[in-house]
Each structure stands twice: as structure tokens, then as C-alpha cells.
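Participant: Coordinates for the following, if possible.
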Amino acid sequence: MAAPKQKHCKNGHELEGNRLYTKQGAIKGCKTCQSLRDRSRPYKDNRNNYLIGTYGITIDEFEEMLEEQNHCCAICNTDLNDRNANFIHVDHCHTTGKVRGILCRYCNNGIGLFKDNINNLEAAIKYLKQ
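Facilitator: Alright, predicted model coming up:
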């Protein structure tokens, strides 16, 4: 019995275990090629594509929201100016997808851990006040 033929991307990289899929499940290309494409583009283009694809906002809209919040977290007012991109999060409703604001990592994680549930958050506030 012959071994299965190894699949390659258009640039000759092996695809097995190195596939990159679109959200619809189609093979987009190999991770090696995607990584090389991403590194060849300016950061702003990559960030813009990510924001549009994930939250439906452009980088200009993101920066406008950040400006309206004085470059601070919408909850704790932490200065977001000198932080890396991993610290700054777009907060959105997981039910509707509507963007609510820009948060620091800690506030975004906190809301997520409370499952965006106001009753849980109010119970936590009551607990902390005791």
C-alpha cells in the first residue's frame, strides 16, 4: 500500500498539521505563508483587518473610541497610552456583538469571568462591601 501523497501549499510548504482555515472551514493556506504575509504588512493593516473581522469596527473607529475615553480603560481609568496591544481589549456584548468600549485586560477578564451578568457583579459588590 502506497503512503498518502503529502499536500503542499502554493509555495511548496507541507500542509499536514500546518493548515490554516477560514471561519467557514476552508483551507486558507499554510501557517508559514500566512506568518510571512503578516510580517510583510504594516502593523496598522493587520490590526485593522482583525478589528473589522472580529468586532466590525475599523482601526480609526477604535482610535476614536480610545480618544473619547481619554486613552483610559472605560471602567478603572488605567492609562492605556503606554501599554502593548495585548493589554488593550475591545469590550463587546457576546449576545449581540455590539462594541461597548475599550478596556484594560484586567477589567475585560473580570467582566468575562462574571459572564457579563449584572446580578453576579452586583452580588460581588455587595460581598466586597461587607
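Participant: now the strands for this structure?
Facilitator: 19-21, 27-30, 88-92, 99-104 (DSSP state E).
Participant: With respect to these, which exhibits the lowest mean confidence?
Facilitator: The minimum mean pLDDT among those belongs to strand 19-21 (a mean of 55).
Participant: which stretches of the protein form helices?
Facilitator: Counting by DSSP state H, the chain has helices at residues 31-40, 43-55, 59-68, 105-113, 118-129.
Participant: averaged over its residues, what pLDDT does the longest one have?
Facilitator: Spelled out, that is helix 43-55. The pLDDT scores in helix 43-55 average 80.
Participant: Which strands or helices does that helix pack on?
Facilitator: Helices and strands touching helix 43-55, by 3 or more C-beta pairs under 8 Å, 6 or more residues apart in numbering; DSSP states H and E, are helix 59-68, strand 88-92. Where C-beta positions appear, they are placed from N, C-alpha and C, glycine not excepted.
Participant: Would you mind finding the most buried of those?
Facilitator: Greatest average neighbour count among the helices and strands packed on helix 43-55 goes to strand 88-92 (a mean of 19), per mean count of other C-beta atoms under 10 Å.
Participant: orientation of that strand relative to helix 59-68 in degrees?
Facilitator: Here strand 88-92 runs at an angle of 100 degrees relative to helix 59-68 (axes from the mean of the first three to the mean of the last three C-alpha atoms, to 10 degrees).
Participant: hang on, the earlier thing: in TSV, list the helices of the chain along with distance to Cys93.
Facilitator: Output for the helices of the chain, formatted as TSV (distance: least, C-beta to C-beta, whole Å):
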stretch	distance to Cys93
helix 31-40	29
helix 43-55	11
helix 59-68	15
helix 105-113	10
helix 118-129	12
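Participant: Nothing else from me, thank you.
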